[in-house]
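>>> fold the following.
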Amino acid sequence: MKEFFGQKGYLEILRKRVSGLTAGYRQNLAIIGDELVGKTSLLFNFLQYLHNNRIIPVYLEVRPESQELFCRRFIGALLYNFLLNSGLELREDLDYLLKKAQNYIPNTAEKIKHILQMLSSRKKSCVFSELFGLCELIHEETSKSCLIILDEFHNLETLGFGNLYREWCKLLILQKNTMYIIVSSLKFKTKSILSKNLSLLFGNFELINVEPFDIKTSLGYLNQRLHTFELEEGLKNFIIHFTGGFPLYLEVISEELLKSPSESLAQIIEDELFQSSGTLHQRFSNYLKRFTDSPRSQEFISILHMVACGHNRTREIASILHKTKREVTARLNRLLELDTITKSGDFLKINDRVFGFWLRFVYQEKMRSLTFDARNQQNIFKQHIVGMIEEFQSDARKSLSERVAQVAQLFEDETLQIEKKRIRLSHFREIKPLEFNRRNLKEGLLCRSKDSLWIMAFKPDGLSEEDVADFAKECRKYRHKRQSKILVSLKDIETNARLRAMEEKILTWDLDNLNHIFDLFSKPRVIA
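Predicted coordinates for the structure are as follows:
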């Protein structure tokens, strides 16, 4: 299988699970991830290289539409893919496909005619079960298994199927030869559906969360895309920081750099975000429209703007808006449901960092402007971009311990979540550098508050079991009841090192964990 950039691990999971279907082991999948993170591209790439005559793949984007149109599209896709390797001339015409298919799958064809009659006669009480039951009927006639991929599957709720999840649960338990891959950009909603509506002992879904590109993959992507264009390493790193590794943003910026090699990076970002003709400006303007139908639309946008500006604690937002914490929490819960923001302990974060930047420096500035002087607004925006690049490059020249110390000075006894562990960020009265007399451990930090002590060590390369043992010995020199021991590695952390760290009650943070904290305090990410 040809590697799809940055998605090799996800492709391998898909390949294994689909191979298991033909071997008699069926595992349904739920693929979630933010918009534009590459879920659909991942599936298209996988289907392009799926060559298995025993599997009928059916990909369907679920859209808000009539129930009849959805059913006809599903049947059409099922028949088209069934006939794909028959050698027959195919047309995207349901009646034509049904006529050709009935020579091979007469029982399934009769059932399809029955379903179409149900739709035309408005007798739709069990149409969902009948429709998806076609997959097992085809298997009985051909021994072929169906792979059903429903993109943005949550839109099924808008189609008016009665007892949707109850009927689907029955099918998931009974259908041994049909595999479902459900896909959604609504992560919060999907997790809720899986835990409440589709929680099964048999036929359950394995959850795959598609993340943006990591730093290494983002750099590899830029190097591949810009191999004919000379761009200094510091600016490449800024692009990675600015885009958060979202494939679309990396693609848009690199494409513009190649099209306009004489323009600066700041100018390209300005063209894309500030100008109303910019691709990203149009996208974000359209995104905001999902809030305009709400009577609380301005409150939602105000909250998002505050989070984008770094006012990302509930109590802080309530104070600025002169609202009760309960009122603000109700609005935040809606934004969480829409996957516009995420919560980490006491902190909030806009999921799409480029959208947050646009909201702060383009949308809100235009809304607040007292004049129609677009040129002045444009110049101010350009200054913000140049300032961001300069701040990023200035921080990049500092040592890691210095950068972490600067962030630690901002802690005010809040909590955040790193992976599944809740961390209390004590207000430190003393933060000082540490030097370790160890072969592989050189620098760290000692952070002391009224009732706790943090001991940190920084490892610029991979973390080994020996490093953990050395750090544990260093930590024993300090006596404190509430002692937090933290090892930060900028590269890979060996499995044995993680296990040893758990034994020693040492937290191991990788670059993603560290940058999560930097994001919450609006500091430039560490790119290494």
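
>>> domains in this protein, as residue ranges please.
Domain ranges of the chain: 8-209, 219-262, 279-396, 400-520, per automatic domain parsing.

>>> could I get those domains as a markdown table with mean neighbour count?
No exception for glycine: its C-beta is placed from N, CA and C like everyone else's. What follows is the domains of the chain, written out as a markdown table (neighbours: other C-beta atoms under 10 Å):
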| stretch | mean neighbour count |
| --- | --- |
| domain 8-209 | 17 |
| domain 219-262 | 17 |
| domain 279-396 | 16 |
| domain 400-520 | 17 |
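
>>> residue 528: which of those is closest?
domain 400-520 (4.4 Å; C-beta to C-beta).

>>> thinking again about what came up before, redo the domains of the chain as a markdown table? Include mean pLDDT and distance to residue 272.
As requested, the domains of the chain are exported to a markdown table (pLDDT from 0 to 100; distance: least, C-beta to C-beta, whole Å):
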| stretch | mean pLDDT | distance to residue 272 |
| --- | --- | --- |
| domain 8-209 | 93 | 14 |
| domain 219-262 | 94 | 6 |
| domain 279-396 | 90 | 5 |
| domain 400-520 | 93 | 21 |
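
>>> indicate which one of those domains is closest to residue 269.
domain 279-396 (5.3 Å).

>>> any idea how far apart the tips of that closest one sit?
End-to-end distance of domain 279-396 (C-alpha to C-alpha, to the nearest Å): 30 Å.

>>> and stretch 116-129, by the same measure?
End-to-end distance (C-alpha to C-alpha), stretch 116-129: 14 Å.

>>> and if you look at stretch 141-159?
Span of stretch 141-159 from end to end, C-alpha to C-alpha: 30 Å.

>>> now it: how far from the chain's centre is it?
From the chain centre to the centre of stretch 141-159 is a distance of 22 Å (C-alpha atoms, centre = their mean, to the nearest Å).

>>> hang on, the earlier thing: kindly reformat the domains of the chain as TSV containing distance to residue 270.
Shown next, in TSV, are these (distance: least, C-beta to C-beta, whole Å):
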stretch	distance to residue 270
domain 8-209	21
domain 219-262	11
domain 279-396	5
domain 400-520	23
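
>>> so which of these comes closest to residue 271?
Across the domains of the chain, residue 271 has its closest neighbour in domain 219-262 (7.0 Å, C-beta to C-beta).

>>> quick one, strands of the stretch 1-150 of the chain?
Counting by DSSP state E, counting those that start in this stretch, the stretch 1-150 of the chain has strands at residues 28-32, 55-61, 145-151.

>>> which elements pack onto the last one?
In this structure, strand 145-151 makes packing contacts with helix 8-22, helix 39-48, strand 55-61, helix 134-142, strand 178-184, judged by 3 or more C-beta pairs under 8 Å, 6 or more residues apart in numbering; DSSP states H and E.

>>> quick one: residues in contact with the fourth one.
Looking back up the chat, that one is helix 134-142. 56, 75, 78, 82, 104-108, 111-112, 115, 144-146, 148, 174-175, 177-178 (C-beta atoms under 8 Å, 6 or more residues apart in numbering).

>>> rewinding a little: between the strands of the stretch 1-150 of the chain, which one is closest to residue 485.
Set against residue 485 and scored by C-beta to C-beta, the strands of the stretch 1-150 of the chain come closest in strand 28-32, at 33.5 Å.

>>> isn't residue 448 up against residue 408?
No - with contact defined as C-beta atoms under 8 Å, residue 448 does not count as touching residue 408 (10.8 Å).

>>> so for these two, which residues contact both of them?
Residues touching both residue 448 and residue 408 (C-beta under 8 Å, 6+ apart) are 428, 431, 454.

>>> any chance of the residues you listed in CSV, plus distance to residue 235 and secondary structure?
Formatted as CSV, these follow (distance: C-beta to C-beta, whole Å; DSSP: H, G, I helix; E, B strand; the rest coil):
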residue, distance to residue 235, secondary structure
428, 34, coil
431, 31, strand
454, 34, strand
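
>>> out of the residues you listed, which comes closest to residue 241?
Using C-beta to C-beta, the shared contacts of residue 448 and residue 408 come closest to residue 241 at residue 431, 24.3 Å.

>>> CA atoms only: put stretch 98-115 into PDB for me.
Written as PDB, here are the backbone C-alpha positions of stretch 98-115 (Å, rounded to 0.1, in the frame of the first residue of the first chain):
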ATOM      1  CA  LEU A  98     -30.900  -2.800 -10.200                       C
ATOM      2  CA  LYS A  99     -31.700  -4.400 -13.600                       C
ATOM      3  CA  LYS A 100     -28.100  -5.500 -14.100                       C
ATOM      4  CA  ALA A 101     -27.700  -6.800 -10.500                       C
ATOM      5  CA  GLN A 102     -30.900  -9.000 -10.400                       C
ATOM      6  CA  ASN A 103     -29.200 -11.600 -12.600                       C
ATOM      7  CA  TYR A 104     -26.600 -12.100  -9.800                       C
ATOM      8  CA  ILE A 105     -28.400 -11.300  -6.600                       C
ATOM      9  CA  PRO A 106     -32.100 -11.900  -7.300                       C
ATOM     10  CA  ASN A 107     -33.200 -12.100  -3.600                       C
ATOM     11  CA  THR A 108     -31.400  -8.900  -2.800                       C
ATOM     12  CA  ALA A 109     -32.900  -7.200  -5.900                       C
ATOM     13  CA  GLU A 110     -36.400  -8.200  -4.800                       C
ATOM     14  CA  LYS A 111     -35.800  -6.800  -1.300                       C
ATOM     15  CA  ILE A 112     -34.500  -3.600  -2.900                       C
ATOM     16  CA  LYS A 113     -37.700  -3.300  -4.900                       C
ATOM     17  CA  HIS A 114     -39.700  -3.800  -1.700                       C
ATOM     18  CA  ILE A 115     -37.800  -1.000   0.100                       C
END
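
>>> just give me how far it sits from the chain centre.
How far stretch 98-115 lies from its chain's middle: 40 Å, per C-alpha atoms, centre = their mean.

>>> again with stretch 10-21
20 Å.

>>> now do stretch 328-338
Offset of stretch 328-338 from its chain centre (C-alpha atoms, centre = their mean): 18 Å.

>>> what does that stretch contact?
Stretch 328-338 is contacted by residues 186, 188-189, 290, 296, 299-300, 303-304, 314, 317-318, 321, 341-343, 348 when judged by C-beta under 8 Å, 6+ apart.

>>> restricted to helices, list the residues you listed.
Among the contacts of stretch 328-338, the members found in helices (DSSP state H) are 188-189, 290, 299-300, 303-304, 314, 317-318, 321.

>>> surely residue 315 and residue 323 touch.
No - Residue 315 is beyond contact range of residue 323, at 10.8 Å (criterion: C-beta under 8 Å).

>>> bridging residues for residue 183?
residue 31, residue 151 (DSSP bridges).

>>> identify the residues contacting it.
By C-beta under 8 Å, 6+ apart, residue 183 lies in contact with 30-32, 39-40, 43, 149-153.
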